[in-house]
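> Here's my sequence, what's the structure:
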Amino acid sequence: MPFEADLAHALDRTTDSLEPDLTTLLSGAVARGRSRRRRRGAAVVAGVGACAVITAAGLTVPGALLGTHTGGSDIEMVALAMPRSAITGTQMIEALEQTLPGGRFSQETGQSNNPSDPSGGYVANGELVVDDGHGAAMVGVSAVRLKLPLRDGDGLSCERTPARAKGDTCRMSELPSSAAVPGGAVVMSEQNAAEHPAGADTARRWTVTVTLKSTGAQLQLVQWNSTGGGSGGETPKPTRPAPPLSEEQAVAALTGATWAPILGAVG
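Reported below is the predicted structural model:
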């Protein structure tokens, strides 16, 4: 689904659809996008929530112009901080391709942030469709910086209102401080069905959000087992049983050498 279509879809979402991730979208302040989808999502993976605010693929949202974004379905506003350095959409796409070596890529879209101009966007994101030989899948990543001190919000807590639908899951974990993750990090891993009750032909979204405790820098990776994100009957049917990357692979990738420059630029 094209980026513009994803934004339009996000504006159309209802409270019982996949998390309405972006403050910007929800507040009507979306002129540009971040893909956190959610950062969730509409801008990146179409439900790569803006991973932190919007996201088409489910990533963080485009241009959190107000410096805030929704933390979950309860529309909690989470304060965003201006990223330290500019990140281009091209950088996001290139890093995403390196994260998925050996795949064939299509439908690539990227969104740059603009630290010199708050109205230009707090979120950088990239999304694409990858075919690694096991079926095509939409994948998106968003980069954003949360204000310190961190508090419960998008990517920081599995608590949400309304409660998660049956079969959807969320798990929190932490990474210890290391050279790759100075100060440690909070990791949230989610799996959501595009519609409920979910059936054998229901697409699913896997989201991994990594937030550095020391800087508030946050990356959100959203993967679908279909060629597009969304909710209900608008979501393409599954093309594979599982996402391109497992949870462990996703965490390793987001905290590895490929994404280190982007995490540094964010926070």
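> quick one: buried residues of stretch 101-110?
Neighbour-count burial for stretch 101-110, counted by 16 or more other C-beta atoms under 10 Å, picks out 103, 108-110. C-beta: built from backbone N, CA, C; applies to glycine.
> just these now: which is nearest residue 256?
Closest to residue 256 out of the buried residues of stretch 101-110 is residue 103 (17.2 Å), distances taken as C-beta to C-beta.
> Am I right that that closest one is in contact with residue 244?
Yes - proximity of residue 103 to residue 244 meets the contact threshold set by C-beta atoms under 8 Å, at 7.2 Å.
> got any residues that touch both of the two?
130, 132 (C-beta atoms under 8 Å, 6 or more residues apart in numbering).
> about what we covered before: quick one: the buried residues of stretch 101-110 as CSV, columns for secondary structure and distance to residue 159 too.
As requested, these are exported to CSV (DSSP: H, G, I helix; E, B strand; the rest coil; distance: C-beta to C-beta, whole Å):
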residue, secondary structure, distance to residue 159
103, coil, 35
108, strand, 35
109, strand, 32
110, strand, 32
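> mind putting these in JSON lines, distance to residue 215 and pLDDT included?
Conversion of these to JSON lines gives the following (distance: C-beta to C-beta, whole Å; pLDDT from 0 to 100):
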{"residue": "103", "distance to residue 215": "30", "pLDDT": "95"}
{"residue": "108", "distance to residue 215": "28", "pLDDT": "97"}
{"residue": "109", "distance to residue 215": "27", "pLDDT": "97"}
{"residue": "110", "distance to residue 215": "23", "pLDDT": "96"}
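> hang on, residue 107 packs against residue 130?
No - in this structure residue 107 lies outside contact range of residue 130 using C-beta under 8 Å: 9.6 Å.
> how deep is the closest residue to residue 82 other than its chain neighbours tucked in, by neighbour count?
Spatial nearest neighbour of residue 82, excluding adjacent residues (C-beta to C-beta, 6 or more residues apart in numbering): residue 115 at 5.4 Å. By the other C-beta atoms under 10 Å criterion, the neighbourhood of residue 115 contains 17 residues.
> what's the spacing between residue 115 and residue 218?
From residue 115 over to residue 218 the distance is 16 Å, taken as C-beta to C-beta, to the nearest Å.
> Residue 238 contacts residue 205, correct?
No - here residue 238 does not reach residue 205: they are 11.1 Å apart, not a contact under C-beta under 8 Å.
> Between those two, point out the one with more neighbours.
Residue environment comparison for residue 238 versus residue 205 gives the larger neighbour count to residue 205, 34 against 19, counting by other C-beta under 10 Å.
> Please, which helix or strand holds the more buried one?
Residue 205 is part of strand 204-212 when elements are defined by DSSP states H and E.
> Adjacent strands (with direction) for that strand?
Strand pairing for strand 204-212, using DSSP bridges, gives strand 185-193 (antiparallel), strand 217-224 (antiparallel).
> Check whether residue 250 really touches residue 208, as I assumed.
Yes - counting by C-beta under 8 Å, a contact exists between residue 250 and residue 208, whose distance comes to 4.2 Å.
> any shared contact partners between the two?
Taking C-beta under 8 Å, 6+ apart as the contact rule, residue 250 and residue 208 both touch residue 221.
> hey, where'd the strands end up in the stretch 51-200 of the chain?
Assigned by DSSP state E, counting those that start in this stretch, the stretch 51-200 of the chain shows strands spanning 57-58, 68-70, 77-79, 104-111, 124-131, 136-145, 169-175, 185-193.
> Please identify the most buried of those strands.
Mean neighbour counts were taken over the strands of the stretch 51-200 of the chain using mean count of other C-beta atoms under 10 Å, and the top value, a mean of 44, falls to strand 57-58.
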